[in-house]
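Asks: Attaching a predicted model along with its sequence, questions to come.
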Amino acid sequence: MENLWRIATGQDPNREDYEGIEFWSNPERSGWLTKQGDYIKTWRRRWFVLKRGKLLWFKDQAAAETRGSTPRGVISVGDCLTVKGAEDVVNKPFAFEVSSGSYTLFFVADNDKEKEDWINSIGRSIVQHSRSVTDSEVLDYDHKR
């Protein structure tokens, strides 16, 4: 029933968002986190995988380790601006947030070490996969004179 609801409301991620990423094999980081829902603000425990600039989540670890399975959600960390602690924001220990210009997602880790490890891993991925400035976007002041 939940899958029908997800399909009807368009909540399943677009396959293009994770195409070509073998999330079931050698992720940069994976593990359990509790995530706040996007629409209904309940907290659900999900299995997360960070790989090649994408943070994907699944209902459980078995789904994440199955080739061809569909993630519950995907975000491109290259579009994100910050990852930081958020205990004070959501009033939960070991909480952190990932923010872009248009959204903020909240997560809760099992302990402080897991929280810090996720923040560091996502932070590194943001730096590695953020859109860099291209040569055509750099204003050459020497040639404008």
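Replies: Sure, I can see it. What you see is a predicted model, and the numbers here were worked out from it, not measured in a lab.
Asks: Give the full set of residues in contact with the nearest residue to Glu65 once chain neighbours are set aside.
Replies: Leaving aside its sequence neighbours, Glu65 sits nearest to Trp24 (Cβ to Cβ, 6 or more residues apart in numbering; 5.0 Å). C-beta here means a position set from N, CA and C on the backbone, and glycine is covered the same way. By Cβ atoms under 8 Å, 6 or more residues apart in numbering, the contact list for Trp24 reads 64-67, 69.
Asks: same thing with Phe96?
Replies: With contact taken as Cβ under 8 Å, 6+ apart, Phe96 is in contact with 83-86, 106-109, 115, 118-119.
Asks: Could you pull up phi and psi at Phe94?
Replies: Main-chain dihedrals, Phe94, degrees, to the nearest 10: phi 70, psi 20.
Asks: neighbours around it, how many?
Replies: 20 (other Cβ atoms under 10 Å).
Asks: Just the CA trace of stretch 116-129, in CSV.
Replies: Provided in CSV are the C-alpha atoms of stretch 116-129 (Å, rounded to 0.1, in the frame of the first residue of the first chain):
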residue,chain,number,x,y,z
GLU,A,116,30.5,13.3,13.0
ASP,A,117,31.5,10.6,10.5
TRP,A,118,28.4,11.3,8.4
ILE,A,119,29.0,15.1,8.5
ASN,A,120,32.6,14.6,7.5
SER,A,121,31.8,12.2,4.6
ILE,A,122,29.0,14.3,3.3
GLY,A,123,31.1,17.4,3.6
ARG,A,124,34.0,15.9,1.6
SER,A,125,31.5,14.8,-1.0
ILE,A,126,30.0,18.3,-1.3
VAL,A,127,33.4,19.7,-2.0
GLN,A,128,34.3,17.0,-4.5
HIS,A,129,31.0,17.1,-6.4
